[in-house]
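Model the structure of this input:
(2 chains)
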Amino acid sequence: MTADRLIHLVHSPELLQKVLGNYDGPFSIGVGQDPSEPSCAAVVVHLQGKREAVNVPDSIELAGETLKVIKKSGFLPPKPL
Amino acid sequence: MGVTFGRAIENLSRAANELFQADQRVRSVGIGAHGDAFGFTAVRNAAMILPAGLKRIPNEVAGIPVQFTDAFSEPDRLAKVPLAAQASFVPEQGQVRPLRCGLQIQNFTDDERTGIIARGSIIIGTLGCFVRFDSGAAAILSNNHVVAGENRGERGRDIILQNGSGALDPAQTAATLADFVDLLPSPPGANPQSGTALLNEVDAGIATVNEGVLFEPRYLPLRNLVAPSGTASAKVGDRVFKVGRTTGLTRGVVTSVANITGPIPYDPGPCWFRGVIVVETSDGTMFSNHGDSGSAVVRENGEVIGLLFAGNGQQTFVCPIDPVLSGLRCGLLTPA
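Model (predicted):
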C-alpha cells in the first residue's frame, strides 16, 4: 500500500482496534517506512512497554491488503515543550 | 590564561556557535572565572551517547580558554527559567531587533495572570516564523501554549515580549496576541481507539507584530540558513531542521506522518492530536527540548512542514503547517 493511501486509513477505528487492542497507555501511531522494504509504507506504532509491544500484531489485514506493523517500545509520554 | 570580561563578551556569540557545533553534548555556553580573569564555560551532558568520529573539540576560541563542566543528564524544565541571568547562551535567547525566526518569546500577560512571575520564573518558547493576515498585517506564529497560555490568552490584549522578562519592559514589547486555535482536552482515560477522545489538529497561535517593531522573516545571519520560503506536506524521510531558543539549530529526519499521538498534558486537560509528524535525529542526539516549542520545522529547501509543539526526549512532535495556517486564516510571510 502506498503511504498516501495509508495516511487516509491510519486513523480509522478499525485499524486502531486491530493494532492497539486493549492497550490504554500513551502511544503514537502513524505511517512510516518498512525498514525491510523502504519503498513500502507501514504502520509505525510507539508504545510504552515491551510487553505491550508483544501483544501488537506484526501485520494486519485492511482494505484487502496486508499491512506491516512496525512496533517500537519504550515510548515516553510526550509533554509540551 | 583568562582574558578581560569585555573581550570575553565580544567573542561570546562566536564561542557559542563554535562549541555547540563542535560538541553535540554541549548544553550551555557562558562566561566564567578563569584564574583571576575570565574565559568561556561550557556545560555538557557527558552521559549522551555519540557516534564515532567526532570533530576536534576546541579548548579555546579566539584565544580565550574554554572550561568544560560535565553533567550526566539533560537539563530539565528549561521552559520555566529563573528571572536571574541565565548561564546558557544560544543567540536566539538574547534580545534581538529586528525580530527574526527562532527567537525566544514570552507571553508576559499570561505569566502575570498565572502568578509564575511572582514565584520567580517566566515561561518562554520560540517564535516560529512570520505570517500575514488577509488585511496585510504581519504576525508571529508559534504555539497556543507559548503565545496564548493554553487557551487563557485574551485576544487583542496579551503582550508578547522578546526575549522575556519579569517586568514589562517597553523595549522588549514585540507583539500582541491576535488569535489561537483552542486546545480541546479529552476526559481522563479517554482514548482514540475507543472513540472517546477528542482529536486536536494543531497547537497554534499568532500575535500581531506591534507597530514600529521591525522584523525580518529570516533566521539570524550567523545561522547561515535558508529562510522559510514556502510550505509543504511532510514526507517520511524528509531531512529537516529547526532553530529554537533552547537547543538552537538542530537537524533531524521525519520518521512517520499522520500520527495520532497522546495523551499530552495541558492545563485544560489531556489532549490527543492527529496528523502529527514525528521527527527524530539519526545520531541519537536531541532534536528539541523544553523551550523549543513554537519552532518552525523546515526542509533544507526552506519549505516549512510544521510547528514543533511536544517531545519526550527521543521523538519530537510537530503539527502540520497547512491546518495551522488554515485554522488561523493566515499565510506564510516570506522574504521579499
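
sec struct for B:Gly306, please.
strand (DSSP: H, G, I helix; E, B strand; the rest coil).

and residue 32, what does it touch?
Let's take chain A. A:Ala41, A:Ala42, A:Val43, A:Val44, A:Ile70, B:Val236, B:Thr255, B:Ser256, B:Val257 (Cβ atoms under 8 Å, 6 or more residues apart in numbering or on different chains). From N, CA and C alone the C-beta is placed, and that goes for glycine too.

wrong one, I was asking about chain B
The neighbourhood of B:Gly32, defined by Cβ under 8 Å, 6+ apart, consists of B:Phe38, B:Gly39, B:Phe40, B:Thr41, B:Gln67.

restrict these to contacts with chain A.
Near chain A, judged by Cβ under 8 Å from any Cβ of the partner chain, there are no entries from those.

most neighbours, which of the residues you listed?
Counting by other Cβ atoms under 10 Å in any protein chain shown, B:Phe40 has the largest number of neighbours within the contacts of B:Gly32, with 30 neighbours.

Quick check: the closest residue to B:Ala234 other than its chain neighbours vs B:Val253, distance?
Leaving out its chain neighbours, the residue that sits closest to B:Ala234 by Cβ to Cβ, 6 or more residues apart in numbering or on different chains is B:Ile305, at 4.1 Å. Per Cβ to Cβ, to the nearest Å, B:Ile305 is found 12 Å from B:Val253.

which one of those two has more residues nearby?
Counted by other Cβ under 10 Å, B:Ile305 and B:Val253 do not tie: B:Ile305 has more neighbours, with 24 against 15.

Can you verify my assumption that that one contacts B:Ser295?
No. Using Cβ atoms under 8 Å, B:Ile305 makes no contact with B:Ser295, being 11.6 Å away.

Show me where chain A has its strands.
Taking DSSP state E as the criterion, chain A carries its strands at A:27-34, A:37-46, A:59-62, A:65-72, A:79-80.

buried ones in the third one?
If you call a residue buried by 16 or more other Cβ atoms under 10 Å in any protein chain shown, then strand A:59-62 has these buried ones: A:Ile60, A:Leu62.

what about B:Cys330, how many residues close to it?
Using other Cβ under 10 Å: B:Cys330 sits among 22 other residues.

Excluding chain neighbours, what is closest to it?
Nearest residue to B:Cys330, sequence neighbours excluded (Cβ to Cβ, 6+ apart): B:Val131, at 4.2 Å.

Secondary structure element for the one you found, which one?
Using DSSP states H and E, the element containing B:Val131 is strand B:129-132.

what about the following helix or strand past that strand, distance to the chain center?
Later in the chain than strand B:129-132, the nearest helix or strand by DSSP H and E is strand B:138-142. Centroid separation for strand B:138-142 versus its chain: 14 Å, with Cα atoms, centre = their mean, to the nearest Å.

The closest residue to chain A within the stretch 151-300 of chain B sits in which helix or strand?
Nearest to chain A, among the residues of the stretch 151-300 of chain B, is B:Asn259, at 3.2 Å (Cβ to the nearest Cβ). Under the criterion of DSSP H and E, B:Asn259 resides in strand B:248-266.

buried stuff in that strand?
For strand B:248-266, by 16+ other Cβ under 10 Å, it's B:248-250, B:252, B:254-264, B:266.

Stretch B:304-318 now?
B:304-312, B:314-318.

Spell out which residues of the stretch 151-300 of chain B are next to chain A.
Counting by Cβ under 8 Å from any Cβ, the residues of the stretch 151-300 of chain B near chain A are B:189, B:191-193, B:195, B:199, B:203, B:235-237, B:246, B:255-266, B:274, B:276, B:278, B:288-293.

ok, and what's touching the helix or strand bottoming out on mean pLDDT in chain A?
Lowest on mean pLDDT, DSSP states H and E among the helices and strands of chain A sits helix A:50-55, with a mean of 76. With Cβ under 8 Å, 6+ apart as the contact definition, helix A:50-55 has outside contacts at A:Gly21, A:Tyr23, A:Gly25, A:Leu47, A:Lys71, A:Lys72, A:Ser73, A:Gly74.

out of everything not next to it in sequence, what's closest to the residue nearest to the spatial centre of chain B?
The C-alpha lying nearest the average C-alpha coordinate of chain B belongs to B:Asp292 (Cα atoms, centre = their mean; 2.5 Å). Leaving aside its sequence neighbours, B:Asp292 sits nearest to B:Gly244 (Cβ to Cβ, 6+ apart; 3.0 Å).

OK, contacts around that neighbour?
Applying Cβ under 8 Å, 6+ apart, we find B:Gly244 in contact with B:Glu92, B:Gly102, B:Thr126, B:Thr250, B:Ser288, B:Gly291, B:Asp292, B:Ser293, B:Gly294, B:Ser295, B:Leu308.

can you do 7 Å?
Taking Cβ atoms under 7 Å, 6 or more residues apart in numbering or on different chains, we find B:Gly244 in contact with B:Gly102, B:Thr126, B:Ser288, B:Gly291, B:Asp292, B:Ser295, B:Leu308.

Neighbour-wise, which one of these leads?
Counting neighbours by other Cβ under 10 Å, B:Ser295 leads those with 35 neighbours.

Return the set of residues that bridge with the closest residue to chain B within chain A.
Closest contact between chain A and chain B, by Cβ to the nearest Cβ, is at A:Gly30 (3.2 Å). Beta-bridge partners for A:Gly30, by DSSP bridges, are A:Val44.

Kind regards, and thank you for your time.
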